[in-house]
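**Student:** Dropping a prediction and its sequence here:
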Amino acid sequence: MDIPYPDGHGPDEAPVPHALLAPVLGFLGTWNGRGQGGYPTLAGDFRYAQEVTFSHDGRPFLRYEARAWLLDGDGAPLRPAARESGWWRLQPDGRVEALITQPTGIAEIAVGQAADGAVDLSTHDVALTPTAKDVTATRRRYTLTDDTLTFVHDLAAVGQPLQHHLSATLHRKR
Ligand code: HEM
């Protein structure tokens, strides 16, 4: 049986996006590209590739899905890295409430604002499974310029204050 309510991946595709999605319509679709990251507790910096998809079913939230994999010095895939999925709930005035979970045992609730092609989300709450790394906060900033999505991720974890973990530049895939 086919799902009678398929997700839309673009502003001009069915279903018609909910009016509250107006500040994030430019995010709809699939993006991929490369990034780099590091953290003071890690031996060195790393390079990675990532694919991110935002879709909707006509209601005032986005479905968010992201997969990353590490790259070697020649840009070849090294191993799977972070995966996340979640929901960005759009509220009046571009306010965003996001729920994001990771297979590493981390569930984040983030709140923030969508405006002028940018979304800025900061941790409201984090829940951890018993064996998860001690993540206390994140800040995620997404900026859209034409067909480029830049992403910066700050992390407070394992006793370290909030600071840079990742930055990436993604391009529209379809
Ligand atoms: C594109 C996405 C991401 C990539 C490529 C990435 C990459 C990495 C890498 C390579 C490490 C070193 C350990 C390892 O090799 O697995 C690491 C550690 C870590 N990452 Fe990420 N990460 C990503 C997203 C995230 C997110 C979203 C969070 C939390 C919300 C996070 C939290 C951590 C933590 C807590 C550590 C462990 C630090 C430590 O124990 O010293 N990462 N990450």
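**Tutor:** Looks like it arrived, so ask away.
**Student:** Quick one: mean pLDDT over the biggest strand by length in the chain.
**Tutor:** Criterion DSSP state E: the longest strand present in the chain is strand 77-90. Per-residue pLDDT over strand 77-90 has a mean of 98.
**Student:** After it, which helix or strand is next? Please name it.
**Tutor:** Using DSSP states H and E, the helix or strand that follows strand 77-90 in sequence is strand 95-102.
**Student:** so residue 112 makes contact with residue 100?
**Tutor:** No: in this structure, residue 112 is not within contact of residue 100 by C-beta atoms under 8 Å, at 12.0 Å. Glycine gets a C-beta too; all of them are placed from N, C-alpha and C.
**Student:** how many neighbours does residue 81 have?
**Tutor:** Neighbour count for residue 81, taken as other C-beta atoms under 10 Å: 16.
**Student:** got a list of what it touches?
**Tutor:** Contact analysis of residue 81 by C-beta atoms under 8 Å, 6 or more residues apart in numbering lists 48, 68, 69, 70.
**Student:** of these, buried ones?
**Tutor:** Among the contacts of residue 81, those classed as buried by 16 or more other C-beta atoms under 10 Å are 48, 68.
**Student:** Which two of the contacts of residue 81 have the greatest separation?
**Tutor:** 68 and 70 (7.7 Å; C-beta to C-beta).
**Student:** Kindly point out which residues are neighbours of both of the two.
**Tutor:** Residues touching both residue 68 and residue 70 by C-beta under 8 Å, 6+ apart: 48, 80, 81.
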